[in-house]
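Asks: dropping a prediction and its sequence here:
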Amino acid sequence: MHTRTSGYRGALRHPVAARLLTAQLVSELGSFVGLAALILLAFDATHSSFGPALVLASRSLPALFVAGVLGRWLGRPPRRTSLMVANLTGAAAVAVCAIAPSTGTAVVSAALLGATRAAFRSVQAAMIAESIPSDLRLPLLGAAGVINQTAQWLGILVGAVVTLTIGVRTSLLLDIVSYLVAAAVLATIAVSPRQAGRVRSKPLDGVRLVASHPVLRPLAALVLASAFSGSLAEALAPAVADAGWVPPSMAAASAGGAVFTLVVSRTDFLRTVANQVRTVMALGASLAATGLLVMAHGPDWLYVLGNASVGAALGWVVGAQATVIDVTPVDRVGHVEATLVAGLITAGGTGVLLLGSIARLAGPGAAYVTGAVVLTATLMTAGRRLTSSTPAVPE
């Protein structure tokens, strides 16, 4: 039986945690509205899936640049200032496309947003490590996960409707406003007294630390292998489900992830890396079962449940985030987080392209099964090194 942690109430009452969650809620709703607009703009301009794929893939290299090069400077300014600047930069990035909508400006905006996201997540993780007690971190990250999953399906739905009925500029304007409001919320965070004495990182320090750490190295491998298949529901549902079942099939993974994270993050289940590994095993089983279901031409309602189970198991990443913060030296948390976020973006983009190609050649079911094989192969090596690890959140 798993006991409850301090819970969401404690996180919502903490002055820093509450403001971080409020800012995330506002900015991510706007971000997914804007992302839908960029995708539809690129699709309309190219009349093919190449445009949206280019928009999504363009986020990878800038994020890697932030993690590998700029990450060394992210820890120097005050955390609050860095978070505000990241949001203001996000607003400016979206404005590029809002001023002159085209595939080219959509790619530029997406690339800048990829860099901004990596920088923001880096500084946010460092602020959590410095300012949030360990017993509140898992509920905080769980609440953040629920917000992310909910904002994803709701924001994309709203963004698609607004873009198609009113216009792309309106959706992008909503995105810009959300960044500005989030920056205003972050401005109310009190400056941490632990600003002095930070160690200046060197380029690729995050990569070196992850590669040399006995917990971070295998944990990162599992996170990246999970992200590799993380967007299959959204990418393949139009090719699998009948027209009326496409929207719920696409939204099922996000809904499953939101429900799982909401429930499990209130307990101590994801405190241990052993339970995180068990959940990754469930993810592999869900991918394989959903792939076999698609190959057998099963009913659409069962496909929705399959995608929901995949999304739910992906919720294990919340526990991984808590582990990263707890086992990483405080002055290195930001750089490590930037490295992992860049890896997530890259792994997700690579997975969509490679598994999408497999889906076109051998069918969508084969893409799900391939994702399960990649994850299982990673589990066979990385999982063994984690099962005997200490709790993700110290007791």
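Replies: Arrived safely.
Asks: quick one: low-confidence ranges for the chain?
Replies: Scanning the chain for pLDDT under 70 picks out 1-7, 47-53, 67-76, 191-206, 331, 334, 385-395.
Asks: the residue sitting furthest away from the middle of it: what's it in contact with?
Replies: When distances to the mean C-alpha position of the chain are computed (C-alpha atoms, centre = their mean), the maximum falls on residue 296, with 31.1 Å. Counting by C-beta atoms under 8 Å, 6 or more residues apart in numbering, residue 296 touches no other residue. Backbone N, C-alpha and C define where each C-beta goes, glycine included.
Asks: quick one, phi psi at it?
Replies: phi -90, psi 0 (degrees, to the nearest 10).
Asks: what packs against the helix or strand hosting residue 254?
Replies: Following DSSP states H and E, one finds residue 254 within helix 246-264. Applying 3 or more C-beta pairs under 8 Å, 6 or more residues apart in numbering; DSSP states H and E, we find helix 246-264 packed against helix 134-165, helix 232-240, helix 300-313.
Asks: what comes up buried for that helix?
Replies: For helix 246-264, a neighbour-count test (16 or more other C-beta atoms under 10 Å) marks 248-262, 264 as buried.
Asks: and that helix, how far out from the chain middle?
Replies: In terms of C-alpha atoms, centre = their mean, to the nearest Å, the centre of helix 246-264 is found 14 Å from the chain centre.
Asks: now it - C-alpha only, PDB.
Replies: What follows is helix 246-264, C-alpha atoms only, in PDB (Å, rounded to 0.1, in the frame of the first residue of the first chain):
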ATOM      1  CA  VAL A 246      -9.900  10.400 -34.600                       C
ATOM      2  CA  PRO A 247     -10.200  13.300 -32.000                       C
ATOM      3  CA  PRO A 248     -10.700  10.900 -29.000                       C
ATOM      4  CA  SER A 249      -7.900   8.700 -30.300                       C
ATOM      5  CA  MET A 250      -5.500  11.600 -30.500                       C
ATOM      6  CA  ALA A 251      -6.500  13.000 -27.100                       C
ATOM      7  CA  ALA A 252      -6.500   9.700 -25.300                       C
ATOM      8  CA  ALA A 253      -2.800   9.600 -24.500                       C
ATOM      9  CA  SER A 254      -2.800  13.100 -22.900                       C
ATOM     10  CA  ALA A 255      -6.000  12.200 -21.000                       C
ATOM     11  CA  GLY A 256      -4.500   9.000 -19.700                       C
ATOM     12  CA  GLY A 257      -1.400  10.800 -18.700                       C
ATOM     13  CA  ALA A 258      -3.300  13.500 -16.900                       C
ATOM     14  CA  VAL A 259      -5.400  11.000 -14.900                       C
ATOM     15  CA  PHE A 260      -2.400   8.800 -14.000                       C
ATOM     16  CA  THR A 261      -0.300  11.700 -12.900                       C
ATOM     17  CA  LEU A 262      -3.100  13.300 -10.900                       C
ATOM     18  CA  VAL A 263      -3.800  10.100  -8.900                       C
ATOM     19  CA  VAL A 264      -0.300   8.600  -8.500                       C
END
